[in-house]
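S.K.: Okay, structure incoming, though there's no sequence with it:
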């Protein structure tokens with residue numbers, strides 16, 4: 001299993017055209033940053049109560065990340081959501097999307113159905129949309145406007161990045177969403193996503209409103225706004241979206257259409273591994289959590305296992321137990337385990353405090369990830385004592401497979417912990 005470093009890369013595979021007016025361009029768009037609607041009431045099961053019970057301003061960001069000071073309930077809820085999605089082996093959500101847009105003084109609403117499924121990695125995460133209908137709800141304009149729309153979906157896979165990638169949050173109240181045959185009581189929380197370094201703010205405000213089921217910690221509804229970036233003649237039109245899931249299955253075999261996507265992803269991973277294996281390992285010099293620099297050149301003569309990871313990556317966290325076993329044998333086996341993340345040091349420190357874990361990592365590693373062509377995580381790169389790449393693997397490795405890769409460098413399995 002693995003996770004993508006670029007959320008937009010999750011699954012831009014299904015493109016369709018609708019038939020109202022000119023055409024609606026249906027694209028699977030993945031995004032992390034969005035601007036919310038005011039919480040919308042879309043039926044009798046969505047009453048909102050207790051508005052503004054709890055909130056965190058930008059000044060309270062450290063408290064949110066650390067869970068110290070500020071409203072502890074918000075921190076606890078978002079942490080549970082992140083853990084829930086990080087541990088899911090698969091999911092299949094189905095529901096509806098509803099978008100409202102104003103075009104030249106008239107207001108329109110577009111509604112369609114959506115299915116979002118994952119087998120645990122971005123490349124095995126996809127969306128399917130059925131063509132919907134556009135209806136005019138106010139104004140004197142034409143019955144259907146001529147424009148293209150990009151279908152956003154909710155992208156449930158990204159919720160495993162909570163709460164590390166959130167800078168502030170507010171509890172707006174409570175409500176109900178009907179899903180899996182019952183009304184589910186939800187906390188309604190508005191969050192402000194952290195803007196990723198080096199990436200543009202493609203969704204105004206980086207804001208989103210989540211309806212989080214109190215029992216399961218699943219996000220059953222999300223609302224946000226975004227600019228119409230699919231229709232170049234009308235790039236400044238604001239789309240207001242609400243995505244609601246009315247049914248879901250967890251940890252079950254993924255649908256057949258997703259299996260095809262998985263096979264394609266695995267073929268790409270094999271090609272990447274074959275291309276990288278045997279090359280000279282690109283050098284790097286990065287700082288660790290204490291600000292001390294470490295270079296690959298300083299480890300020459302050792303077998304080096306590079307682990308590209310992130311705090312929000314569920315497979316990375318499961319792999320950590322295997323890496324810790326190997327680290328205990330560093331002196332005897334001349335093995336150096338080097339973790340590299342693109343994240344800033346304060347985010348990694350907050351994660352370690354929250355989880356109670358304690359392991360070293362190099363940070364701000366975008367340049368190293370780029371030189372090693374890392375697109376998904378975890379990615380493990382095994383560098384032999386001569387400085388060449390002996391093995392390159394994308395995705396989770398269990399203990400037996402990890403030992404088999406180490407054997408390629410001449411390290412015997414007996415010298416490693418059992």
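M.R.: Thanks, I have the structure now. Quantities reported herein were computed from a predicted structural model and do not represent experimental measurements.
S.K.: Can you tell me the SS state at the residue nearest to the spatial centre of the chain?
M.R.: In the chain, the C-alpha nearest the mean C-alpha coordinate belongs to residue 158, at 2.7 Å (CA atoms, centre = their mean). Secondary structure, DSSP: H, G, I helix; E, B strand; the rest coil: residue 158 is helix.
S.K.: do the same with the one 5 residues further on
M.R.: Secondary structure state of residue 163, per three-state DSSP, is coil.
S.K.: so what's the residue lying closest to it once chain neighbours are set aside up against?
M.R.: Excluding the flanking residues, the one nearest residue 163 by CB to CB, 6 or more residues apart in numbering is residue 78, at 3.7 Å. Yep, even glycine has a C-beta here, placed from its N, CA and C like the rest. With contacts defined as CB atoms under 8 Å, 6 or more residues apart in numbering, residue 78 is in contact with 162-163, 166, 169, 189, 191.
S.K.: in the host helix or strand of residue 78, what counts as buried?
M.R.: Element membership for residue 78 (DSSP states H and E) is helix 72-87. For helix 72-87, burial by neighbour count (16 or more other CB atoms under 10 Å) applies to 74-75, 77-86.
S.K.: As TSV, these with pLDDT and distance to residue 263 would be great.
M.R.: TSV is the format used below for the buried residues of helix 72-87 (pLDDT from 0 to 100; distance: CB to CB, whole Å):
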residue	pLDDT	distance to residue 263
74	90	40
75	85	40
77	95	37
78	95	34
79	93	34
80	95	33
81	96	30
82	93	29
83	93	29
84	95	27
85	94	24
86	89	24
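S.K.: Of these, which pair is most distant in space?
M.R.: Largest separation among the buried residues of helix 72-87 by CB to CB: 74 and 86, giving 18.5 Å.
S.K.: I'd like to know which helix or strand in the protein has the lowest mean pLDDT.
M.R.: Least confident helix or strand, the chain: strand 16-17 with a mean of 27, by mean pLDDT, DSSP states H and E.
S.K.: Bridged to the nearest residue to residue 238 once chain neighbours are set aside, which residues?
M.R.: Distances taken as CB to CB, 6+ apart place residue 225 nearest to residue 238, at 5.6 Å, with adjacent residues excluded. Using DSSP bridges, the bridge partners assigned to residue 225 are residue 35, residue 240.
S.K.: For the stretch 1-150 of the chain, give me the ranges with low pLDDT.
M.R.: Across the stretch 1-150 of the chain, residues meeting the criterion (pLDDT under 70) sit at 1-70, 122-123.
S.K.: And the strands in it, which stretches?
M.R.: For the stretch 1-150 of the chain, the strands defined by DSSP state E, counting those that start in this stretch occupy 3-4, 16-17, 25-26, 54-55, 91-103, 106-118, 125-129, 133-138.
S.K.: so what secondary structure elements neighbour the helix or strand following the last one?
M.R.: Put plainly, it is strand 133-138. Sequence-wise, the next helix or strand downstream of strand 133-138 (DSSP H and E) is strand 166-179. Under the contact criterion of 3 or more CB pairs under 8 Å, 6 or more residues apart in numbering; DSSP states H and E, strand 166-179 touches strand 54-55, helix 61-66, helix 72-87, strand 182-193, strand 207-213, strand 219-227, strand 238-250.
S.K.: Figure out which of the ones you listed is closest to residue 133.
M.R.: Smallest distance to residue 133 across the helices and strands packed on strand 166-179 (CB to CB): 15.7 Å, for strand 238-250.
S.K.: Pull out the buried residues from the closest one.
M.R.: Quick answer for strand 238-250 (16+ other CB under 10 Å): 239-246, 248.
S.K.: quick one: that strand to strand 166-179, angle?
M.R.: Per axes from the mean of the first three to the mean of the last three CA atoms, to 10 degrees, the angle that strand 238-250 makes with strand 166-179 is 60 degrees.
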